[in-house]
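*Asks:* test case, fold it:
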Amino acid sequence: MRDPYAVLGVPKDAGSKEIKKAYRKLARDLHPDLHPGDTKAEDRFKEVASAYDLLSDPDKKARYDRGEIDASGAPKAERRFYRDFAEAEPGNRYTDPGQFFRDYEGTDIFAELFRGQRREARTRGMDVRQKVEVDFLDAVNGATREMVLPDGRKVKVTIPPGTEDGQVLRLRGQGMPGSGGGTGDLHLEVRVRPDPQMRREGTDIHADLPISLPEAVLGGKIEVGTADGPVSLTIPRGSNSGMRLRVRGKGAPSPGGGPRGDFYVTLQVILPERIDPELERFVREWAERHTYRVRQR
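*Replies:* Model prediction:
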């Protein structure tokens with residue numbers, strides 16, 4: 001496998017944010033759903049996921065940078081030379097090979113030498129990629145879901161608050177089993193179901209709010225449901241369709257636990273389904289006494 005830094009296109013001193021940003025861009029561009037039947041794109045996608053798996057783990061990244069493991073995460077064979085033993089502390093220095101066997105007289109020296117070779121090497125299993133659908137409000141506020149994996153296992157998945165559509169969550173050790181107890185990871189691509197009333201733009205949430213003719217003319221206080229629960233909203237006198245009002249701090253949480261965005265409502269003045277004679281007469285008499293032209297603007 002190639003150098004993971006080269007795979008993600010980041011320098012050796014790249015931080016976690018830079019590594020995550022590069023991975024997300026490549027993952028979006030190379031997603032198998034965008035390249036059906038393209039085995040090269042699929043292989044490249046797997047290579048990118050494997051590189052991110054190594055570099056996003058601080059311990060693995062540090063060990064790779066020190067040369068202790070290779071790009072696949074497997075330990076490198078330790079190379080030891082005569083100088084290592086010659087300069088070692090007493091008891092560890094190079095000695096007469098014959099003395100080595102004399103010290104172990106009466107023991108099964110070959111059994112000791114080859115015992116370690118019989119131990120099964122711990123190798124990482126394959127990663128598993130799967131999609132999970134969540135409701136709009138569950139993605140905004142966070143939720144816990146139980147999923148059934150292709151092999152029949154059930155896992156509990158925590159959807160972090162502020163999760164966005166297309167975001168990939170990683171569950172370590174929930175992928176395919178390897179040898180020697182090693183396992184791969186589960187990568188979950190989150191698909192957020194659209195909400196009939198709310199839509200999201202970054203951490204801000206927008207919604208249309210119908211108001212009655214009296215509320216538009218006279219103003220007043222009404223209760224509005226937001227992603228973070230109901231709030232009391234003041235409708236200004238003389239409000240018009242298209243006017244936008246903001247409720248601070250009632251949007252979606254920022255990734256990493258930052259402040260929530262804002263909640264915006266766009267007013268829509270709705271007339272009664274049936275215009276009764278009283279309203280019709282009032283409007284006609286009012287119009288005769290007032291100049292009210294809107295299209296000249």
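
*Asks:* for this structure, what spans make up the helices?
*Replies:* Counting by DSSP state H, one finds helices in the chain at the ranges 4-8, 16-30, 39-55, 58-65, 82-86, 97-103, 109-118, 136-141, 213-218, 277-289.

*Asks:* next one: the last one to chain centre, how far?
*Replies:* The gap between where helix 277-289 is centred and where its chain is centred comes out at 57 Å by CA atoms, centre = their mean, to the nearest Å.

*Asks:* can you tell me the average pLDDT over it?
*Replies:* Average pLDDT, helix 277-289: 92.

*Asks:* kindly report the same for the second one.
*Replies:* For helix 16-30, the mean pLDDT works out to 85.

*Asks:* which residues are contacting that helix?
*Replies:* Applying CB atoms under 8 Å, 6 or more residues apart in numbering, the contact partners of helix 16-30 are 8-10, 14, 41, 44-45, 48-49, 51-52, 55-56, 58, 166, 168. Any C-beta I mention is one placed from the backbone N, CA and C, and that applies to glycine too.

*Asks:* which one among these sits at the bottom for pLDDT?
*Replies:* Minimum pLDDT across those falls on residue 41, with 79.

*Asks:* once you drop chain neighbours, what's closest to it?
*Replies:* Nearest residue to residue 41, sequence neighbours excluded (CB to CB, 6 or more residues apart in numbering): residue 35, at 3.8 Å.

*Asks:* tally of neighbours for that neighbour?
*Replies:* When counting by other CB atoms under 10 Å, one arrives at 15 neighbours for residue 35.

*Asks:* just to revisit the earlier point, out of the helices of the chain, which is closest to residue 202?
*Replies:* Nearest of those to residue 202, taken as CB to CB: helix 136-141 at 12.0 Å.

*Asks:* average pLDDT for the closest one?
*Replies:* Here the average pLDDT along helix 136-141 is 93.

*Asks:* OK, contacts around the nearest residue to residue 64 once chain neighbours are set aside?
*Replies:* Nearest residue to residue 64, sequence neighbours excluded (CB to CB, 6+ apart): residue 54, at 6.1 Å. Applying CB under 8 Å, 6+ apart, one finds that residue 54 lies in contact with 4, 60-61, 64, 71, 73.

*Asks:* most surrounded residue in the residues you listed?
*Replies:* Among the contacts of residue 54, residue 4 has the most neighbours (other CB under 10 Å), with 24 neighbours.

*Asks:* now it, nearest residue through space, not along the chain?
*Replies:* Residue 4's closest residue in space is residue 51 (CB to CB, 6+ apart), at 3.5 Å.

*Asks:* what ranges of the stretch 51-200 of the chain fall below the confidence cut-off?
*Replies:* For the stretch 51-200 of the chain, the stretches flagged by pLDDT under 70 are 77-122, 179-180.

*Asks:* returning to that earlier point: now, which of the contacts of residue 54 sits nearest residue 249?
*Replies:* Nearest to residue 249 among the contacts of residue 54: residue 61, at 36.0 Å, using CB to CB.
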